[in-house]
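K.L.:
this one's structure only:
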């Protein structure tokens, strides 16, 4: 039997549940009983209900990734015993490669969560001016109208002087 290419609600639900639980679509599609990614992309275009369900699953995935970040950060780092040439313990030190790997895992999840749910996990940006250069709302339509009125007044003054 080959990979499924015909849409079924049961298969769509399984895909969305697995995504919400943190799996990537790439991982899901590696399973023999799952359709290929291009098939899922076609289903998303063809079925608005599946597209909505999938979008919600992606948003839920951001929350799952945030939970994983906490779990990774709470993991006990690996400790390496440093021994002298006679085998006597000198000290214990943290494994720097392990720490860098954990940092990369956290950063990847953080970036993905920020992209999937930017309002909740994205960096907040505040627009503010300072006392020397305050922010000003510019309304181009009002500026154009003011320029037209000024131009008309100048034309009227010129016509009155002639």
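P.N.:
Right, received. Where do you want to start? Computed from a predicted structure; not experimentally measured. Residues are numbered from 1 along each chain as shown.
K.L.:
mind checking the SS state of residue 101?
P.N.:
At residue 101 the chain is in helix, as set by DSSP: H, G, I helix; E, B strand; the rest coil.
K.L.:
what residues are up against it?
P.N.:
Residue 101 makes no contacts at all, as judged by CB atoms under 8 Å, 6 or more residues apart in numbering. Yep, even glycine has a C-beta here, placed from its N, CA and C like the rest.
K.L.:
any idea how far residue 67 is from it?
P.N.:
Relative to residue 67, residue 101 is positioned 19 Å away (CB to CB, to the nearest Å).
K.L.:
buried set for stretch 99-115?
P.N.:
102, 106, 109, 112, 113, 114 (16 or more other CB atoms under 10 Å).
K.L.:
which parts of the chain are helices?
P.N.:
Secondary structure of the chain by DSSP state H: the helices cover 9-20, 25-30, 37-46, 48-74, 96-116, 118-121, 140-161.
K.L.:
residue ranges with poor pLDDT in the chain?
P.N.:
Scanning the chain for pLDDT under 70 picks out 1-2, 125-129, 131, 134-142.
K.L.:
quick check: the gap between the residue sitting nearest the centre point of the chain and residue 121.
P.N.:
When CA atoms, centre = their mean is applied to the chain, the residue found nearest the centroid is residue 115 (0.9 Å). Residue 115 is 9 Å from residue 121, where distance means CB to CB.
K.L.:
one more: residue 104?
P.N.:
18 Å.
K.L.:
also residue 44?
P.N.:
Here residue 44 is placed at a distance of 23 Å from residue 121 (CB to CB).
K.L.:
residue 32 now?
P.N.:
Here residue 32 is placed at a distance of 34 Å from residue 121 (CB to CB).
K.L.:
please apply the same query to residue 101.
P.N.:
22 Å.
K.L.:
returning to that earlier point: what is the nearest of the buried residues of stretch 99-115 to residue 6?
P.N.:
Closest approach to residue 6 among the buried residues of stretch 99-115 (CB to CB): residue 112, at 30.4 Å.
K.L.:
state the distance from the closest one to residue 123.
P.N.:
Counting by CB to CB, the gap from residue 112 to residue 123 is 14 Å.
K.L.:
about what we covered before: what about residue 32 and residue 121, which has more around it?
P.N.:
The neighbour comparison of residue 32 against residue 121 (other CB atoms under 10 Å) goes to residue 121, with 19 against 8.
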